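Enquirer: Sequence first, predicted model second:
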Amino acid sequence: MKLRIITSNPGKATEFRRALGGMGFEIEHADEDCDEIQADTLQEVVRSCMSQLRPLALGDFALDDSGLFIDALGGFPGVYSSYAFSTIGIEGILRLMDGDEERSARFECCIGCSFRGEEFTVEGRCDGAIALRPAGAGGFGFDPIFIPSGYEKTFAEMSIDVKNGISHRGRAIQALSGTLKGKV
Ligand code: ITT
């Protein structure tokens, strides 16, 4: 089964390739442009991207919108994660949480998929905590400050396979694979 992964983020593309490649999918990466609308949920952003890409006749494709939701910051950066990452960055997030003992957070991922003309979304979530300082050189984005529940390492200190086994995106990809396999 061939599936095109649409993202401007090479780290995401690697995670998709790694997870779906092992499940028998042939993955192609494409960096198509999609305006991320201001919306309250990841689902809305994904649905909007799907409709922007529909006229391009890309064949079977998937894309995701993800966000880091920090409880002590009222869920910020959430749907604004991309903007927060490129403006205040990891150091800015740590500064906002300076002195906060309550560090619980979660990553959420919503994948939109267009397969044989049918569109659907699947979701995945990973609970965890914000580290006191960045650690690790792997992964991308907020990985150096996110410690998944039950672990003492950040995502950036894990291999792609270990991260995929527990992450928001890894879980959403599992759901995607299950749904796709039910359609063939
Ligand atoms: P595309 O929209 O082109 O796929 P993006 O990097 O903008 O790429 P998102 O909007 O989904 O992707 O991501 C929002 C922000 O959250 C962005 O800064 C990412 O680096 C970060 N992010 C997303 N998934 C992440 C993950 O698994 N680990 C760490 N940070 C992540």
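Expert: That came through fine.

Enquirer: What is the subsequent helix or strand relative to the strand or helix carrying Ile111?
Expert: Assigned by DSSP states H and E, Ile111 falls within strand 104-115. Helices and strands here follow DSSP H and E; after strand 104-115, the next one along the chain is strand 118-130.

Enquirer: close to the ligand, is that next one?
Expert: No: using C-beta under 6 Å from any ligand atom, strand 118-130 stays clear of the ligand, coming no nearer than 8.5 Å. Any C-beta I mention is one placed from the backbone N, CA and C, and that applies to glycine too.

Enquirer: Partner strands of the helix or strand just after that strand, with direction?
Expert: Per DSSP H and E, the first helix or strand lying C-terminal to strand 118-130 is strand 146-148. Looking at strand 146-148 with DSSP bridges, its partner strands are strand 118-130 (antiparallel).

Enquirer: Report the angle between the strand it pairs with and strand 104-115.
Expert: Relative orientation of strand 118-130 and strand 104-115, computed by axes from the mean of the first three to the mean of the last three C-alpha atoms, to 10 degrees: 160 degrees.

Enquirer: ok, and what's touching strand 118-130?
Expert: Contact partners of strand 118-130, identified using C-beta atoms under 8 Å, 6 or more residues apart in numbering, comprise 42-43, 46-47, 50, 70, 93-94, 97, 103-113, 145-149, 151, 166-176, 179, 183.

Enquirer: So Pro144 is in contact with Lys153, correct?
Expert: No: using C-beta atoms under 8 Å, Pro144 is not in contact with Lys153, being 10.5 Å away.

Enquirer: More neighbours: which of those two?
Expert: Pro144 (19 against 13; other C-beta atoms under 10 Å).

Enquirer: where's the more buried one relative to Glu91, distance?
Expert: 10 Å (C-beta to C-beta, to the nearest Å).

Enquirer: before we move on, the earlier item: can you name every helix or strand that the strand holding Ile111 contacts?
Expert: helix 42-53, strand 61-70, strand 118-130, helix 168-181 (3 or more C-beta pairs under 8 Å, 6 or more residues apart in numbering; DSSP states H and E).

Enquirer: What is the neighbour count of the residue of the chain at minimum distance from the ligand?
Expert: Closest residue of the chain to the ligand, C-beta to the nearest ligand atom: Gly141 (2.4 Å). Number of residues near Gly141 (other C-beta under 10 Å) recorded here: 20.

Enquirer: Which positions in the chain make contact with the ligand?
Expert: Residues of the chain lying near the ligand (C-beta under 6 Å from any ligand atom): 7-9, 12, 64-67, 81-82, 85, 139-143, 155, 167, 169.

Enquirer: and stretch 152-170, what's its mean pLDDT?
Expert: Here stretch 152-170 scores 98 as its mean pLDDT.
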